[in-house]
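Engineer: Pasting the sequence and the predicted model now:
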Amino acid sequence: MTVYFYHTQDLNYIYREWKAGRFPAHLLYGATHLPDEGIGVVMHKHSKPGSRRIVSALRNAAKVIFCKERFDAVYATKYNGLELLIFLRALGLYRKPIVLWHHQPVVLSKGWLKNMVSRLFYKGIDHMFFFSDHLLEVSLATGKVTRDKAEQCPWGADLVYYDRLMAAHTCERKDFISTGKERRDMPTLLAAFAKCSDQHLDLITAADCCGTNYEEMLSVASIPENVSVTINRTMWIPELAERILPHKCVCICCKETNYTVGLTTLVEALAFGMPVVISKNPNQPFDAEEEGCGITVDYGDTECWVNAIRRISDNPEEASLMGKRARSLAESTYNIANCAHIVANALRKFEK
């Protein structure tokens, strides 16, 4: 069996970097491991997105439809850019199955026309992977998705990559770090560390993301002396991983959302064997506190963040045990090899 692998990012570059050992495989959603499962992969030829959504959809549909290499199904990291192909599949005008990851819950639209179009759209997707059971159940409740065409899949980090990184950079782990950019609650995090002046936080974030200008926000905020701020303009996953490594705990302080915001940071912390302090989000695939690998905190609760920071800093043995449980969870479930195996099993249903 062979699949056509579609990614919204430059997967050709990422794949080359992964082959050279300079990039983790989980950003390719198991495609790197599908050959080990007996499934060949045809890589989508990336090009810069068009300024208009319809232009990208037309271009990507043409690349898939007129691809000269033989493949049995399309496997995609998300539907963005494949909308036209999916509608063609729904109308019976494209014959090959489409399997993809759905990053947010399927929802009911406002108005009967939007719901009708949306139902037609999802008819064109043969199988979907959701990051958590909660996202799956919410989506099933809309009636637009059926259980036989959807499942939860434990997406996780490339343990081989992180093991190699840890072996090459042995160091003492100290201080806290926050590296996220999507829907981060900076005021709560800064207020908590202002009350924990003996604990240092390395805060790394993008200049702006999802409509929030963090650079502007942080330029006028009162930054405690124990917080170092870096506006990230060039670092990607590999560089950020090296920055995370010498720390004792990862902070994932988020605003309330309807999806798994912070999941990439979370699974990478598991791979590093680091405890986490994370906003309690029912959309995540697991509860860090219930799994014993971290502390969950209610949205916007500064005092709970202070207590969590103190608990990590004042109880190094407990924090170390959390880290060991985190790594154990990564090895048993949340790793890219396990993810790829589940993806492969789903893809095989469409083998010809």
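Structural biologist: Happy to help now that I have it. In this text, all values refer to a predicted model and were calculated from it rather than measured experimentally.
Engineer: In contact with the one residue sitting closest to the centre of the chain: list those residues for me.
Structural biologist: For the chain, the residue lying nearest the average C-alpha position, counting by C-alpha atoms, centre = their mean, turns out to be residue 264 (4.1 Å). Residues touching residue 264, when contacts are defined by C-beta atoms under 8 Å, 6 or more residues apart in numbering, comprise residue 237. Every residue, glycine included, has its C-beta placed from N, CA and C.
Engineer: following the strand or helix carrying it, which helix or strand comes up?
Structural biologist: Secondary-structure element containing residue 264, defined by DSSP states H and E: helix 263-272. Towards the C-terminus, the helix or strand next in line after helix 263-272, according to DSSP H and E, is strand 276-279.
Engineer: my guess is residue 145 meets residue 121, correct?
Structural biologist: No - using C-beta atoms under 8 Å, residue 145 is not in contact with residue 121; the gap is 11.0 Å.
Engineer: These two: who's more crowded?
Structural biologist: residue 145 (21 against 17; other C-beta atoms under 10 Å).
Engineer: gap between the more buried one and residue 138?
Structural biologist: Distance of residue 145 to residue 138, computed by C-beta to C-beta, to the nearest Å: 10 Å.
Engineer: Give the residues shared as contacts by these two.
Structural biologist: Overlap between the neighbourhoods of residue 145 and residue 138 consists of residue 106, taking contacts as C-beta under 8 Å, 6+ apart.
Engineer: then the helix holding residue 264 to CSV, C-alphas only?
Structural biologist: Output of helix 263-272 as CSV, limited to C-alpha atoms (Å, rounded to 0.1, in the frame of the first residue of the first chain):
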residue,chain,number,x,y,z
LEU,A,263,-0.2,19.6,23.3
THR,A,264,3.1,19.8,21.4
THR,A,265,4.9,21.3,24.4
LEU,A,266,3.2,18.7,26.6
VAL,A,267,4.3,15.6,24.7
GLU,A,268,7.8,17.0,24.3
ALA,A,269,8.0,17.4,28.1
LEU,A,270,7.0,13.8,28.4
ALA,A,271,9.8,12.8,26.1
PHE,A,272,12.3,14.8,28.2
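Engineer: Quick one: mean pLDDT for it?
Structural biologist: Throughout helix 263-272, pLDDT has a mean value of 97.
Engineer: and residue 286, what does it touch?
Structural biologist: Here residue 286 is in contact with 132, 329, 334 (criterion: C-beta under 8 Å, 6+ apart).
Engineer: Of those residues, just say which sits nearest to residue 300.
Structural biologist: Distance to residue 300, by C-beta to C-beta, is smallest for residue 132 among those, at 21.9 Å.
Engineer: and the gap between the closest one and residue 182?
Structural biologist: Separation of residue 132 from residue 182 (C-beta to C-beta) stands at 16 Å.
Engineer: Looking at these two, which has the bigger crowd around it?
Structural biologist: Each of residue 132 and residue 182 had its neighbours counted (other C-beta under 10 Å), and the higher figure belongs to residue 132 (22 against 19).
Engineer: All the helices of this structure, residue numbers only.
Structural biologist: Secondary structure of the chain by DSSP state H: the helices cover 11-19, 53-65, 83-90, 112-123, 133-140, 159-168, 186-194, 214-220, 237-244, 263-272, 302-314, 316-332, 336-347.
Engineer: any idea how far the shortest one is from the chain center?
Structural biologist: Going back to what we said before, that points to helix 214-220. Relative to the centre of its chain, helix 214-220 is centred 25 Å away, using C-alpha atoms, centre = their mean, to the nearest Å.
Engineer: what is the mean pLDDT for that helix?
Structural biologist: Helix 214-220 carries an average pLDDT of 95.
Engineer: buried sites along it?
Structural biologist: By neighbour count with 16 or more other C-beta atoms under 10 Å, helix 214-220 contains the buried residues 214, 218.
Engineer: Now do it: which elements does it pack against?
Structural biologist: Under the contact definition 3 or more C-beta pairs under 8 Å, 6 or more residues apart in numbering; DSSP states H and E, helix 214-220 sits against helix 186-194, strand 201-206, strand 208-209, strand 227-232.
Engineer: can you list those in JSON lines and add mean neighbour count and distance to residue 9?
Structural biologist: JSON lines is the format used below for these (neighbours: other C-beta atoms under 10 Å; distance: least, C-beta to C-beta, whole Å):
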{"stretch": "helix 186-194", "mean neighbour count": "20", "distance to residue 9": "26"}
{"stretch": "strand 201-206", "mean neighbour count": "21", "distance to residue 9": "15"}
{"stretch": "strand 208-209", "mean neighbour count": "14", "distance to residue 9": "15"}
{"stretch": "strand 227-232", "mean neighbour count": "15", "distance to residue 9": "17"}
